[in-house]
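Novice: need a structure here:
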Amino acid sequence: MDRATGAWVNGLIGVVIFAGSLPATRVAVAAFDPLFLTSARATIAAALGGLLLIGLRQRRPALKDLAPLAIVALGCVLGFPLLTALALQHVSSAHSIVFIGLLPIFTALFGVLRGGERPRAAFWAFSLAGSACVVGFAIAGAMPAKGALSASGGGNVIQGDLLMLAAIVVCGLGYAEGARLSRRLGGWQVISWALVLSLPVMVPVALWTLPSSWAHVTAPAWWGFGYVSVFSMLIGFIFWYRGLAMGGIAGVGQLQLLQPFFGLALAALLLHEAVSAMMLAVTLCAVGCVAGAKRFAS
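Specialist: This next block holds a predicted model:
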């Protein structure tokens, strides 16, 4: 497998893993406080990442790497998990798909600002078209759910939207900064060191927000908690940062356009939900935009 193909394969594996993050968070946050969920998942992932760093005898990052690692920690370890957990108290996971469609744009923008990448004009055209395709489909699909949520008084949808938008911005920054750093340290090393760096904050917060009782925690909530702690917080980043570092932040980042559809596919496979012809058509459109962005990314 050549380097370019390997980059896109790694990126695709990361996207598939991340596709389950929002539904898993939605299930988990029904039983866990958002602050506890964010800090506990980071603590568990940091313990696993730390064991990898020690077991494989990785060198400590240089002093100049601490600031970029702090940005990764703020964006991917704290910012995105906490903001999405807060948002999913107000909106459904289906509604949140609207904002995932914007993530490739922000990742590409921060790739330009922080990574020094300069994609061609055609790349931006394909990227915008893909984002518009995904967002348009998600808005159409989420409108009934949004109306139902509002009608039932289930939460402040506008507040949820603002939290999701903030989550996408900080996540795009964390993705771009981590990918830039991965070129020197390696993909799994970056997320592992960022997790370890966050431990002095995450452990006290987890202990402070520890539930007084576990009796109310259902089995699905435990499964969601486990998924976001191991897969969303660590394993997914191992593949994702490797793909971004090998193939370019802006280009490989466009694979995120497929993330909502992988989530829908998982819902169809595991929950036996119907997959419409429109869903397939929009998926093909997004795949075409990803292919076009890939061609003009460099």
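
Novice: pLDDT weak spots in this protein?
Specialist: Applying pLDDT under 70 to the chain picks out residues 93-95, 97-98, 115-117, 134, 137-156, 264, 266-280, 283, 294, 296-298.

Novice: mind listing the strands for it?
Specialist: Using DSSP state E, the chain contains no strands.

Novice: how close does the residue nearest the centre of it sit to Gln256?
Specialist: Nearest to the mean C-alpha position of the chain, by C-alpha atoms, centre = their mean, lies Phe18 at 5.5 Å. For Phe18, the distance to Gln256 (C-beta to C-beta, to the nearest Å) stands at 8 Å. Placement of C-beta: from N, CA and C, glycine included.

Novice: ok, now Ala42?
Specialist: Ala42 is 22 Å from Gln256, by C-beta to C-beta.

Novice: and if you look at Phe126?
Specialist: Using C-beta to C-beta, one gets 13 Å for the distance from Phe126 to Gln256.

Novice: Neighbour count: those two, which is higher?
Specialist: Set Phe126 next to Gln256 and count neighbours by other C-beta atoms under 10 Å: Gln256 wins out with 31 against 23.

Novice: mind listing what that one touches?
Specialist: 15, 100, 103-104, 107 (C-beta atoms under 8 Å, 6 or more residues apart in numbering).

Novice: neighbouring contacts of stretch 12-23?
Specialist: Under the contact criterion C-beta under 8 Å, 6+ apart, stretch 12-23 has outside partners 84, 88, 93, 96-97, 100, 224, 227-228, 231-232, 235-241, 243, 255-256, 258-260, 262-263, 266-267.

Novice: ok, of the residues you listed, which come out buried?
Specialist: The neighbour-count test (16 or more other C-beta atoms under 10 Å) marks 84, 88, 93, 96-97, 100, 224, 227-228, 231-232, 235-241, 243, 255-256, 258-260, 262-263, 267 as buried among the contacts of stretch 12-23.

Novice: In helices, which of those fall?
Specialist: In this view, the buried ones among the contacts of stretch 12-23 that belong to helices under DSSP state H are 84, 93, 96-97, 100, 224, 227, 236-241, 243, 259-260, 262-263, 267.

Novice: residues touching the residue nearest to Arg183 when sequence neighbours are not counted, list them.
Specialist: Leaving out its chain neighbours, the residue that sits closest to Arg183 by C-beta to C-beta, 6 or more residues apart in numbering is Ala245, at 4.9 Å. Ala245 makes contact with 7, 179-180, 182-183, 187 under the criterion C-beta under 8 Å, 6+ apart.

Novice: Please repeat the previous calculation with a cut-off of 10 Å.
Specialist: 7, 10-11, 115, 178-187, 190, 252 (C-beta atoms under 10 Å, 6 or more residues apart in numbering).

Novice: and those residues, which two are the farthest apart?
Specialist: Gly11 and Arg184 (18.9 Å; C-beta to C-beta).

Novice: And those two? Which one has more around it.
Specialist: Remark: of Gly11 and Arg184, Gly11 carries more neighbours, 28 against 14, as counted by other C-beta under 10 Å.

Novice: how about the more buried one, what does it touch?
Specialist: So Gly11 contacts 179, 239-248, 251-256, 258 (C-beta under 10 Å, 6+ apart).

Novice: For Gln254, see how far away it is.
Specialist: 9 Å.

Novice: so what's in contact with these two at the same time?
Specialist: Residues touching both Gly11 and Gln254 (C-beta under 10 Å, 6+ apart): Gly248.

Novice: Roughly how far does Leu258 sit from Ser21?
Specialist: For Leu258, the distance to Ser21 (C-beta to C-beta) stands at 14 Å.

Novice: mind checking how far the closest residue to Gly292 other than its chain neighbours is from Cys285?
Specialist: Distance criterion C-beta to C-beta, 6+ apart; nearest residue to Gly292, sequence neighbours excluded, is Phe126 at 3.7 Å. Distance of Phe126 to Cys285, given as C-beta to C-beta: 11 Å.

Novice: Name the residues contacting each of the two.
Specialist: By C-beta under 10 Å, 6+ apart, the residues touching both Phe126 and Cys285 are Leu257.

Novice: and Leu22, how far is that from Ile168?
Specialist: Applying C-beta to C-beta, the value for Leu22 to Ile168 is 12 Å.

Novice: can you list residues touching both of those two?
Specialist: 84, 96, 99-100.

Novice: Can I get the residues you listed in a markdown table including distance to Phe32?
Specialist: Shown next, in a markdown table, are these (distance: C-beta to C-beta, whole Å):
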| residue | distance to Phe32 |
| --- | --- |
| Thr84 | 13 |
| Ser96 | 18 |
| Phe99 | 22 |
| Ile100 | 22 |
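
Novice: out of those, who's nearest Ser213?
Specialist: Nearest to Ser213, judged by C-beta to C-beta, of the shared contacts of Leu22 and Ile168 is Thr84 at 25.1 Å.
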